[in-house]
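*Asks:* kindly generate the corresponding structure for this input.
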Amino acid sequence: MRWSIYTACFEFDDSVMLYKSTTDALFELSRNEFKVVNLFLENGNSNQLSDSTKKHIAELYLNNFIVENELNEVELFKNEYTKRVMEAQFGTVYFSPSFLCNLRCTYCIIGENVNNSGSMTRMQSCIVGKSSKYVYETAVRRGIKQLDVILYGGEPMLSQSSNISFVKSLSELNQDNKLNVDYTLVTNGYSMPGNDVKGLLDAGVKNLQITLDGPKHIHDARRMGTHGENTFDTILENLCSYYSKFKNVVIRINVDNVNVDNICELIDILDSKELNKKCILHFNLVDPSDYSDASGYNEETIYKFDSIYKYAYSKGFRVAPWRRYCSMSNKMYLAIDPEGNVYNCPNNMGMSEKVLGNVCNDKINENIKLNLRERCASCCYVGICNGGCEVMRQTSEVGSNYCFKQVNYQMTKSYFGAKYHRFTNKLNNQVKEGGVI
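*Replies:* Next comes the predicted model:
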């Protein structure tokens, strides 16, 4: 037998964590026990193994951390991957009734074109209705049971009438409850009038995501208003005013080499507002691009997440796991722009060559492309990134051969180390012998 090619190994002072991204399984052994298992795999001699070690080897084998030598794992994974996509019963739709935005973030994915967003129009009411009809009929046709609708933009709070109309229309179409629909408002949090927020809540929007990028002096230098206004105080005030009204609240923190040293200061501020009682922190690395020098994909940034993750947990926050996942090959993963154009990724919106069709006609290409690259299919981190961002690969200077394997390794190790090792006594008891976490 041998270790699975999909088993990642994270070594800590007192233990070794084994993570299988394809199944999201985690197993922890003491360092000594890990050496014993390695020796067994090298020589195959089980005569000197203790009963506890034999038990661990059996558990590792049953959970596919250890596999038989002749097993063709890549072919098996690709078959399971295809089956999982085709049989999935969940889908995601990004609804963007306008690209208008009231911020001018320095690293915005729209780049220089954000300055032209003032000329962009809002979605016409007839297209809103056709969008909801298309989403409902497509989800039912594809056998979707759980549908996540992301109210997106631009800035969705600038198009509230369209958002509320879309949610109400989709709810009316779904009176037979064929779909379980969850709605999430993804907003920069700068403009949140009470009546607009109430309208969304009354329509059935239960989830909220707001972005803060650091303490005031850092955030205001990165996420300023259209005329250079400071935004931190207003966004924090809105977050504190409305977070208790939503079922789930995520605070997204975009991190790169510019602000990484100030993230713990932001965590202190959020903690002082008692946001740890409700909110989940979602750390996101800023993508490298042609239009900004900021990037989170560098050693200067990623190696500092050991302390960032630990600090967030020490303050009582729940923290989203590290994922850099591409969902383009999911059974239903769509984005709709203000003109009703349909795309298979929200990052493709605005690119005419990426349009699959329009909700106002029936000519929409709905083929699911399972375009997982061969080298990605054999990588132990494929369950974390699913091959990585296809849009970045095609449109940025990173290029077609980009791979952030080292980033995925370090960020995942930091996350698990912080999550499971924040209580030292618990760690020592847990890995004294070894076992599944």
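
*Asks:* every contact and neighbour count from this point should use C-alpha atoms.
*Replies:* Will do.

*Asks:* for the record, mean pLDDT for stretch 162-176?
*Replies:* In this model, stretch 162-176 has an average pLDDT of 97.

*Asks:* that stretch: which residues count as buried?
*Replies:* Residues 162, 163, 164, 165, 166, 167, 168, 169, 170, 171, 173, 174 are the ones in stretch 162-176 that count as buried (16 or more other C-alpha atoms under 10 Å).

*Asks:* contact partners for the nearest residue to residue 97 once chain neighbours are set aside?
*Replies:* Leaving aside its sequence neighbours, residue 97 sits nearest to residue 338 (C-alpha to C-alpha, 6 or more residues apart in numbering; 4.4 Å). Contact partners of residue 338, counting by C-alpha atoms under 8 Å, 6 or more residues apart in numbering, are 96, 97, 98, 99, 121, 122, 123, 124.

*Asks:* all helices for the stretch 1-150 of the chain, in order.
*Replies:* Remark: helices assigned in the stretch 1-150 of the chain by DSSP state H, counting those that start in this stretch are 31-43, 51-62, 73-87, 125-141.

*Asks:* return the distance of residue 415 relative to residue 217.
*Replies:* Distance of residue 415 to residue 217, computed by C-alpha to C-alpha, to the nearest Å: 27 Å.

*Asks:* more neighbours, the two?
*Replies:* residue 415 (21 against 12; other C-alpha atoms under 10 Å).

*Asks:* any idea which element the more buried one lies in?
*Replies:* Taking DSSP states H and E as the definition, residue 415 sits inside helix 405-421.

*Asks:* can you list contacts of that helix?
*Replies:* When contacts are defined by C-alpha under 8 Å, 6+ apart, helix 405-421 is touched by residues 10, 12, 297-298, 302-303, 305-306, 309-310, 313, 321-324, 381, 384-385, 427.

*Asks:* with just CA atoms, put that helix into CSV.
*Replies:* Below are the C-alpha coordinates for helix 405-421, written out as CSV (Å, rounded to 0.1, in the frame of the first residue of the first chain):
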residue,chain,number,x,y,z
LYS,A,405,-0.3,25.0,-5.2
GLN,A,406,2.1,26.4,-2.6
VAL,A,407,-0.5,29.0,-1.6
ASN,A,408,-3.2,26.3,-1.2
TYR,A,409,-0.8,24.2,0.9
GLN,A,410,0.2,27.1,3.2
MET,A,411,-3.3,28.6,3.6
THR,A,412,-4.9,25.2,4.3
LYS,A,413,-2.2,24.3,6.8
SER,A,414,-2.6,27.6,8.6
TYR,A,415,-6.4,27.3,8.7
PHE,A,416,-6.4,23.7,10.1
GLY,A,417,-3.6,24.5,12.5
ALA,A,418,-5.5,27.5,13.9
LYS,A,419,-8.8,25.8,14.0
TYR,A,420,-7.8,22.5,15.8
HIS,A,421,-4.7,23.6,17.7
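
*Asks:* could you give me the average pLDDT of it?
*Replies:* Throughout helix 405-421, pLDDT has a mean value of 94.

*Asks:* quick revisit: quick check, the residue nearest to residue 97 in a helix?
*Replies:* No. Going by DSSP: H, G, I helix; E, B strand; the rest coil, the assignment for residue 338 is coil, not a helix.

*Asks:* now it: how far from residue 131?
*Replies:* Using C-alpha to C-alpha, residue 338 is found at 10 Å from residue 131.

*Asks:* gap between the spatially most distant residue from the centre of the chain and residue 53?
*Replies:* Most distant residue from the mean C-alpha position of the chain: residue 47, 45.7 Å away (C-alpha atoms, centre = their mean). Residue 47 sits 11 Å away from residue 53, taking C-alpha to C-alpha as the criterion.

*Asks:* then residue 39?
*Replies:* 12 Å.

*Asks:* so for the two, which residue has more residues nearby?
*Replies:* More neighbours surround residue 53 than the other of residue 39 and residue 53, with 19 against 13 (other C-alpha under 10 Å).

*Asks:* tell me the buried residues in stretch 261-273?
*Replies:* 262, 263, 264, 266, 267, 269, 270, 271.

*Asks:* do stretch 321-341 as well
*Replies:* 322-324, 326-341.

*Asks:* and residue 412, how many neighbours?
*Replies:* Residue 412 sits with 23 neighbouring residues when counted by other C-alpha under 10 Å.
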